[in-house]
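Visitor: What would the 3D arrangement of this be:
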Amino acid sequence: MATSTSTSTLDAGIGSAISAFKSAQNEATAQSLQVATEITKINGVANAIKKIGPG
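Guide: This next block holds a predicted model:
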């Protein structure tokens, strides 16, 4: 009986860890997209300034 209890506890711990990892991974992906979007905006402004500039 003790074996099945420890196994289910271990399974629950692993499941919890996987869930936390997936959550962190999703958050990191969302942050990466936000950063990429901001960089794209900045590049767009920089390109517009280059076109307007005398150079």
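
Visitor: model confidence over the strand or helix carrying residue 44, on average?
Guide: Residue 44 is part of helix 2-52, with elements assigned from DSSP states H and E. For helix 2-52, the mean pLDDT works out to 91.

Visitor: Backbone torsions only: list them for residue 53.
Guide: phi -60, psi 160 (degrees, to the nearest 10).

Visitor: how much space between it and residue 10?
Guide: According to C-beta to C-beta, to the nearest Å, residue 53 and residue 10 sit 63 Å apart. (Each C-beta comes from the backbone N, C-alpha and C, glycine too.)

Visitor: ok, the two, which is more surrounded?
Guide: Ranked by neighbour count (other C-beta atoms under 10 Å), residue 53 and residue 10 place residue 10 first, with 10 against 7.

Visitor: Could you count how many residues lie near residue 25?
Guide: 10.

Visitor: Kindly provide the distance from it to residue 42.
Guide: Using C-beta to C-beta, residue 25 is found at 26 Å from residue 42.

Visitor: Then residue 8?
Guide: Applying C-beta to C-beta, the value for residue 8 to residue 42 is 51 Å.

Visitor: Mind telling me which residue is nearest the centre of this structure?
Guide: Using C-alpha atoms, centre = their mean, the residue of the chain that lies closest to the mean C-alpha position is residue 28, 1.4 Å off.

Visitor: List the contacts of that residue.
Guide: Applying C-beta atoms under 8 Å, 6 or more residues apart in numbering to residue 28 gives no contacts.

Visitor: Ok, residue 27 next?
Guide: Going by C-beta under 8 Å, 6+ apart, residue 27 touches no other residue.

Visitor: which ones are touching residue 53?
Guide: Going by C-beta under 8 Å, 6+ apart, the list of residues near residue 53 is empty.

Visitor: and if you look at residue 37?
Guide: No contacts exist for residue 37 under C-beta under 8 Å, 6+ apart.

Visitor: Can you give me the distance of it to residue 53?
Guide: Distance, residue 37 to residue 53, using C-beta to C-beta: 25 Å.

Visitor: And residue 43, by the same measure?
Guide: 15 Å.

Visitor: can you count the residues close to residue 9?
Guide: So residue 9, with other C-beta under 10 Å, has 10 neighbours.
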